[in-house]
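Trainee: turn this into a structure:
(2 chains)
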Amino acid sequence: MNNIEKIITKNVCLAVKKLYSAEFEENNVVIQQTKREFEGDLTVMIFPVVKISKHSPEQTCEEIGNFLKENMDFIADFNIVKGFLNIVIKKSYYLHLLNEISESKNQKPEQDKGLMMIEYSSPNTNKPLHLGHIRNNLLGYSIAEIQKANGYKVLKTNIVNDRGIHICKSMLAWQLFGKGETPENSGIKGDHLVGKYYVIFDIEYKKQIKKLIDSGLTEEEAKKSAPLIVQAQEMLVKWEQNDPETCGLWQKMNSWVYAGFEQTYKKLGVDFDKIYYESNTYLVGKQEVERGLGSGIFYKKADGSIWADLTADGLDEKLLLRADGTSVYMTQDIGTAKIRYNDFPIDKMVYVVGNEQNYHFQVLAVLLDKLGFAWGKDLVHFSYGMVELPEGKMKSREGTVVDADDLIDEMIDSARQTAFELGKLDGLTDKEINEIAQMVGLGALKYFILKVDPRKNMTFNPKESIDFNGNTGPFIQYTHTRIKSVLRKAKEQNIDFHQNVNTSLEINDKEKYLIQLVSDFPNVVKEAGESFSPALIANYCYDLAKEFNQFYHDYSILNENNNDLKVFRLVLSQNTAKTIKNAMKLLGIEVPERM
RNA sequence: GGUUCCGUAGCUCAGCUGGAUAGAGCAACAGCCUUCUAAGCUGUGGGUCAAGCGUUCGAAUCGCUUCGGAAUCACCA
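Mentor: This next block holds a predicted model:
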């Protein structure tokens, strides 16, 4: 369609030049799809031209329309409504276009727009994936596929937040309360098991805080001095010092988590080309911060912590290294970015990360820029909205999080159940049933998530999401299946549907004739001197059908003496019936109920 | 308070490089299984596009203001 718009645009400019001896820039030409109520395929806004032509909108339309019709062979006709020039494209053009698309469908785009790295998912290793990650994963994967189709080479990447205080909390809780529980001996999926201890940490931590407050401390003091948090912080320092025992535990628990994530990603159908771990990148980040300190971009506070002053950029001061020397989120991201650009000749870096981190990425871009990386300001933060529940936000600590694994399973089960109730699974093997349930269940989930504007916060209603009616994934799958089924049956009966497509396109031209005939209808009624009745319409339509008998082979089904208009619909196909119906409406003819 | 984002039917959302009477689905109501699979189709009702001002031939769309809501401004990641 883009092609045809370009050609029309060029010709409109040409027309202005020829007709009014004036230059008209191509980007002043506005073309859009014709509204459904009007005849035509594309509409040219004529108002910008009117300024030049100095003629009335109607006259200008007429002039431009005639020019286009004479100079472009795929324009069948045009009409004018107010200042809108509606162009009717010949059906043969669409056939040509469809054939072209069909042939080029599997061809890779020729142009090479460069290498795009897309980071998405980015889980923490202290808890399982939840609904928010599902949105992230589906968006990230979709962007990757879209950009591939657009001519980019795409590298999907995942940065695993495998270090930091959060994972120490899980480790500590497991050490203190775990009693040697493992995925193997408990049967719990690895990421869920580690998540369980993260929750236990929080519960025990809160107990300690309460005790300390009762003993006279303020809340702030209690939060800082509770033994558990102190121990966790000590553990983080030990980890950064490569303490063997701490690192061993860390490796063991992380391997549980990775195995669990792998399962979830596989179920969701997403994957990665390159996985980065913050445990491998934070040191580079630290080096960069030290370098920045050395060159005077950053500064050190009295307690030894390192900061960047971004107030000149309209941002705040930002901590980059703690007083104890351990790194923060920002430190890691600086390191990760540098390593990535060293590893690959990246032309575009895209971060798919939730909008709660808009500020973080603003700061990251400025910091990288200050550190002398030319690409710093080119980083793209693909920011998306939160997923909320009807009851409000998801809060892991309050147990209102929708777990990714649970949700996926629930969707698949629900698809299976619905299909079973509708009798769609009769005669299928268990394997086939499972495959279908998986396709439909995940189709529902993916479409439900992706159909919403990424920027917007969205409400996820678990009950409504498992709905197979209306604007849903299963509906699209169903339509696709039906089309396939039609094509399959056509093949079985040796029907050449290419030939039929040609024929049906011809019919469209006939439909116009049909409209003409229908528009004569009131006169016919007058001449006949009869009152307006369904029977009369039936007879009239019978005559119409005769006109079309070369295209409508099953026209003999028409029953002359049957007043029931249903037979008419049988003959003319739904679309044609619709055309007639619309025409009658436009003409103010009462449409019989059963038509 | 600063910054950013969002506000469209009862609900969930399209439409936003300015264009004709603002569209779907859900929910409600009325129909449609002798037609290629009814996970469907057809129809009815339902709107101050948060509000106001401006820009112009024309504003849901662009600008400003106000009112709502969200995120963020952490030695969490």
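Trainee: domain assignment for chain A?
Mentor: A:2-94, A:113-161+A:273-315+A:329-402, A:163-267, A:403-480, A:497-586 (automatic domain parsing).
Trainee: around RNA strand B, pick out the residues from the stretch 451-595 of chain A.
Mentor: A:451-453, A:455-459, A:461, A:464, A:467-472, A:474-475, A:478, A:481-482, A:485-486, A:489, A:566, A:569-570 (Cβ under 7 Å from any atom of the strand). Just so you know, the C-beta spots here come from the backbone N, C-alpha and C atoms, and that holds for glycine as well.
Trainee: picking up where we left off before, residue A:322: which of the domains of chain A is closest?
Mentor: domain A:113-161+A:273-315+A:329-402 (5.6 Å; Cβ to Cβ).
Trainee: which of the residues in stretch A:420-427 are buried?
Mentor: Buried residues in stretch A:420-427, defined by neighbour count with 16 or more other Cβ atoms under 10 Å: residue A:425.
Trainee: and for it, what are the contacting residues?
Mentor: Here stretch A:420-427 makes contact (Cβ atoms under 8 Å, 6 or more residues apart in numbering) with A:416, A:419, A:433, A:436.
Trainee: just those now: which is nearest RNA strand B?
Mentor: Set against RNA strand B, the nearest of these by Cβ to the nearest atom of the strand is residue A:419 (3.6 Å).
Trainee: how about the residues of the stretch 251-400 of chain A near RNA strand B?
Mentor: A:278, A:301, A:303, A:305, A:314, A:316, A:319, A:322-324, A:328-329, A:332, A:355-360, A:385-386, A:393.
Trainee: neighbours around residue A:69, how many?
Mentor: Residue A:69 has 15 neighbours, counted by other Cβ atoms under 10 Å.
Trainee: how many other residues sit next to the residue in chain A that RNA strand B sits nearest to?
Mentor: Distances between chain A and RNA strand B by Cβ to the nearest atom of the strand are smallest at residue A:470, namely 2.1 Å. Taking other Cβ under 10 Å as the criterion, the count of residues near residue A:470 is 7.
Trainee: now do the phi/psi pair for it.
Mentor: phi 80, psi -140 (degrees, to the nearest 10).
Trainee: okay, strands next: where are they in the stretch 1-150 of chain A?
Mentor: A:31-33, A:42-45, A:75-81, A:84-89, A:115-119 (DSSP state E, counting those that start in this stretch).
Trainee: and the residue lying closest to residue A:114 once chain neighbours are set aside, how many neighbours?
Mentor: Using Cβ to Cβ, 6 or more residues apart in numbering and skipping the chain neighbours, the partner closest in space to residue A:114 is residue A:347 (3.3 Å). Each residue near residue A:347 was counted by other Cβ under 10 Å, and the total is 15.
Trainee: and the gap between residue A:347 and residue A:58?
Mentor: From residue A:347 across to residue A:58, the span is 50 Å (Cβ to Cβ, to the nearest Å).
Trainee: same question, residue A:280
Mentor: 70 Å.
Trainee: and residue A:438, which of the three is it?
Mentor: Secondary structure, DSSP: H, G, I helix; E, B strand; the rest coil: residue A:438 is helix.
Trainee: that one against residue A:412, yeah?
Mentor: Yes - judged on Cβ atoms under 8 Å, residue A:438 makes contact with residue A:412 at a distance of 5.5 Å.
Trainee: neighbour count winner among those two?
Mentor: Legend: neighbour count by other Cβ under 10 Å for residue A:438 and residue A:412, higher for residue A:412 (21 against 17).
Trainee: got a list of what the more buried one touches?
Mentor: Neighbour list for residue A:412: A:437-438, A:441-442 [criterion: Cβ under 8 Å, 6+ apart].
Trainee: now the residues you listed as TSV including pLDDT?
Mentor: Compiled in TSV, the contacts of residue A:412 are given as follows (pLDDT from 0 to 100):
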residue	pLDDT
A:437	90
A:438	91
A:441	89
A:442	90
